[in-house]
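Chemist: below is the structure, and that's it, no one-letter string:
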Ligand SMILES: [Zn+2]
Ligand SMILES: [Zn+2]
């Protein structure tokens, strides 16, 4: 089969011929029909995220049809449309016992991170990682649910986003579109921040009450102005450069929660007094749970959250998608249709 493989930091991705994975007991072989390109892939390429496993098929937002199932699989049938949950936990640690496989002490697999993912014609995963997809969602629009929408749900819950909160979302990509819609649906007032007007237009169309263009406006000052001095109760930091982190800290309301989802080369430095006198909290958010994937699929199927697909393209044009993402040109996801 054809697959786009990663060969290590600062090396180009390559389209290669590799064997179709063997199906073992409990497994499903999924014929991939759509796979989203996430910002994490850029972190692999730059070496900022180096998990040491390569060659590796990237891609953790994976949708397809069940092609074959292994022995002992009762709940899935060939032909069924599914989206893949990308973690396989150990099933025994304290986190796995409560369904938090994203924090597992001894991960068995993580597709597109340390195990072969979905930028290929086929992917093999345990059958329980296949979540059925309703007909209401087409393949390309389902792909961004796998990381974009689920990560948004997870971070919103960690931060306790609710009615009356002011939620500032810094950086407008696929996760942000999920965050904006979820927060607006939960009754929060959303401020979206980006350097690109076209992204801000889309953010407004999907429920952001206010937008700030960070190239033209001082973000923290403007956020204070929009909230009559209050600031943001929750800030979702998807960019995390020195410049954006400084603005985020300054824009936080009293008892505000600053949630790191994205990261860059830069470190977060803050004088403790800034957190002390406002009783602010700083949180990290990584990935999502299987339950959150089920809920994300349901929210999209019911039209509560819309995914944003900039373009679909065949695997052969992987470099074009990577370059466009790196240049910040994409409004939402580029989705491969192998
Ligand atoms: Zn991702
Ligand atoms: Zn575990």
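Modeler: Alright, I've got the coordinates. Bear in mind that the values here come from a model prediction, so they are computed numbers and not experimental data. Ligands and ions are numbered 1, 2, ... in the order given.
Chemist: for residue 68, give me phi and psi.
Modeler: Main-chain dihedrals, residue 68, degrees, to the nearest 10: phi -150, psi 150.
Chemist: now do it against residue 159, distance only.
Modeler: Residue 68 sits 41 Å away from residue 159 when distances are taken as C-beta to C-beta, to the nearest Å. The way it works is simple: take the backbone N, C-alpha and C, and place the C-beta from them, glycine included.
Chemist: again, but for residue 110
Modeler: Counting by C-beta to C-beta, the gap from residue 110 to residue 159 is 24 Å.
Chemist: looking at these two, which has the bigger crowd around it?
Modeler: residue 159 (23 against 20; other C-beta atoms under 10 Å).
Chemist: so that one touches residue 283, yeah?
Modeler: Yes. Applying C-beta atoms under 8 Å as the test, residue 159 and residue 283 come out as touching, 6.5 Å apart.
Chemist: mind listing the shared neighbours of these two?
Modeler: Counting by C-beta atoms under 8 Å, 6 or more residues apart in numbering, the contacts common to residue 159 and residue 283 are 257, 259.
Chemist: can you give me the helices in the stretch 151-300 of the chain?
Modeler: Applying DSSP state H, counting those that start in this stretch to the stretch 151-300 of the chain gives helices spanning 174-185, 197-205, 219-226, 242-251, 272-276, 290-301.
Chemist: need the winner for burial among those.
Modeler: The highest mean neighbour count among the helices of the stretch 151-300 of the chain, using mean count of other C-beta atoms under 10 Å, belongs to helix 174-185: a mean of 26.
Chemist: any part of it near ligand 1?
Modeler: No. Using C-beta under 5 Å from the ion, we find that helix 174-185 stays clear of ligand 1, coming within 7.6 Å at best.
Chemist: what's the average pLDDT for that helix?
Modeler: Mean pLDDT, helix 174-185: 97.
Chemist: for that helix, name the packing helices and strands.
Modeler: helix 148-159, strand 166-170, strand 189-194, helix 197-205, strand 232-237 (3 or more C-beta pairs under 8 Å, 6 or more residues apart in numbering; DSSP states H and E).
Chemist: for residue 182, which of those is the nearest?
Modeler: helix 148-159 (5.1 Å; C-beta to C-beta).
Chemist: could you check the angle strand 166-170 makes with that closest one?
Modeler: If you take axes from the mean of the first three to the mean of the last three C-alpha atoms, to 10 degrees, helix 148-159 sits at 130 degrees to strand 166-170.
Chemist: identify whichever of the helices and strands packed on helix 174-185 lies nearest to residue 12.
Modeler: Of all the helices and strands packed on helix 174-185, helix 148-159 sits nearest to residue 12, with 25.0 Å by C-beta to C-beta.
Chemist: show me what the closest one is packed up against.
Modeler: helix 174-185, strand 232-237, strand 252-260, helix 290-301.
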